[in-house]
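Student: sequence? don't have it. structure:
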């Protein structure tokens, strides 16, 4: 099982990196037609001066590089995170199956619900075995 830290990826990948990966040259002046919905309004899509955030002023919303990869490439969050990590050269770490099995065992040992937990607390407070 692989793990990626979204915060690490967000620190490395800019909106311009995602645009370039789609074959789109980022705007030099910060505005362009929206690559997500198309359109011909040359000021609908903007990138912040530092390159970390984008906004579509027409209808697509705003976000960071991962959000843009999701919308631009039709990916879910995990797919967009992996795409951006690849752009940044970040290699996911892998957990051994024994770690996964141990995590599943810990999860199974947890109380099944809040009610079960509260009932256990009440028994303890009453002094019931």
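Tutor: Alright, I've got the coordinates. Worth saying up front: this structure is predicted, and the values here are computed from it rather than measured.

Student: and stretch 10-22, what's its mean pLDDT?
Tutor: For stretch 10-22, mean pLDDT is 93.

Student: Any buried residues in it, and which?
Tutor: 10, 13, 14, 15, 16, 17, 18, 19, 21 (16 or more other C-beta atoms under 10 Å). (Glycine included, C-beta is placed from N, CA and C.)

Student: just stretch 82-93 next, same as before
Tutor: 82, 83, 84, 85, 87, 88, 90.

Student: Which of those fall within strands?
Tutor: Members of the buried residues of stretch 82-93 lying in strands (criterion: DSSP state E): none.

Student: Dump those into TSV; add pLDDT and distance to residue 59 as well.
Tutor: Putting the buried residues of stretch 82-93 into TSV (pLDDT from 0 to 100; distance: C-beta to C-beta, whole Å) gives the following:
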residue	pLDDT	distance to residue 59
82	92	27
83	94	23
84	94	23
85	93	28
87	93	26
88	91	29
90	88	31
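
Student: taking these one by one, which sit in helices?
Tutor: 82, 83, 84, 85, 87, 88 (DSSP state H).

Student: Nearest to residue 72 among those?
Tutor: Among these, residue 83 lies closest to residue 72 (C-beta to C-beta), at 9.6 Å.

Student: contacting residues for the most centrally placed residue in the chain?
Tutor: The chain has residue 77 as the residue nearest its centroid, 4.8 Å off, counting by C-alpha atoms, centre = their mean. The contact partners of residue 77, taken as C-beta atoms under 8 Å, 6 or more residues apart in numbering, are 66, 70.

Student: what separates stretch 73-81 from the chain centre, distance-wise?
Tutor: 8 Å (C-alpha atoms, centre = their mean, to the nearest Å).

Student: could we number from 44 for the rest of this?
Tutor: Renumbered: residue one is now 44, and that last one reads stretch 116-124.

Student: picking that back up, can you redo the buried residues of stretch 53-65 as a markdown table, where the extra columns are distance to residue 158?
Tutor: Output for the buried residues of stretch 53-65, formatted as a markdown table (distance: C-beta to C-beta, whole Å):
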| residue | distance to residue 158 |
| --- | --- |
| 53 | 38 |
| 56 | 43 |
| 57 | 47 |
| 58 | 46 |
| 59 | 51 |
| 60 | 48 |
| 61 | 45 |
| 62 | 50 |
| 64 | 48 |
